[in-house]
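J.: Quick one, what's the 3D model for this:
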Amino acid sequence: MNILMKLKLTKREKYYVGGGLLLLVLFLVVQFVLIPFIDAKERARRSVAANEKILKEMHSLSAEYRAMQGGSLDIKEVLAGRPKDFTLFSFLEKQAGMVGVKQNIKYMKPSTSVETGSYTESSVEMKLEKITLKQLVEYLHLVESRKHLVSVKRISVKQTKGAEEYLTALVHLITYQ
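T.: From the prediction side, this is the model:
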């Protein structure tokens, strides 16, 4: 303001210059103090939200891991409870006889065993021809069990040509030993 006093300005001009300086100071405060503060606050909010999402995901993965560890203990118990001479091939054949689809088995191909961790995965691919939907469901219900640790890995079902009431099913079943 001392500089303004040395200049010969009218009272009205001094108000304009003072108002301009006030606007300039206000602009500088907004530009270099308020906007960076708001930006930092928004970045912190986004960071907290992202970290909360990561924490929730880690929590769900932790729960899934604990469930899998529990499942691993179940697998050991199931494997210990199965007969020592258990084979997937003979099990599937026996269950087919129980449901009455043994004569409908076109082929059964046992696959080579694959090691998955501390267990060995055995699989059998089988083709069932001219079976009804009811027979297929009953068979799958019998073979896919936690008790024997057998599950369907892949299945393909289509209608039999010429006999639309019957199905042809290609089923890939697995178990662990």
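J.: Can you name the next helix or strand after the helix or strand of the chain with the lowest mean pLDDT?
T.: None of the helices or strands of the chain scores lower by mean pLDDT, DSSP states H and E than helix 2-6, at a mean of 59. Using DSSP states H and E, the helix or strand that follows helix 2-6 in sequence is helix 11-29.
J.: What is that following helix packed up against?
T.: Using 3 or more CB pairs under 8 Å, 6 or more residues apart in numbering; DSSP states H and E as the contact test, the elements touching helix 11-29 are helix 2-6. Backbone N, C-alpha and C define where each C-beta goes, glycine included.
J.: got any ranges where the chain has weak pLDDT?
T.: Scanning the chain for pLDDT under 70 picks out 1-6, 67-74, 116-117.
J.: for it, longest helix please?
T.: Ordering each helix of the chain by length in residues (DSSP state H) puts helix 35-81 first.
J.: quick one, it and helix 11-29 angle?
T.: Counting by axes from the mean of the first three to the mean of the last three CA atoms, to 10 degrees, helix 35-81 lies at 20 degrees to helix 11-29.
J.: Relative to the whole chain's centre, how far out is helix 35-81?
T.: Counting by CA atoms, centre = their mean, to the nearest Å, helix 35-81 is centred 13 Å from the centre of its parent chain.
J.: Tell me the buried residues in the helix or strand just after that helix?
T.: Sequence-wise, the next helix or strand downstream of helix 35-81 (DSSP H and E) is helix 88-99. By 16 or more other CB atoms under 10 Å, the buried positions in helix 88-99 come out as 88, 91, 92, 95, 96, 99.
J.: can I see the domain layout of the chain?
T.: What automatic domain parsing lists as the domains of the chain is 1-81, 88-176.
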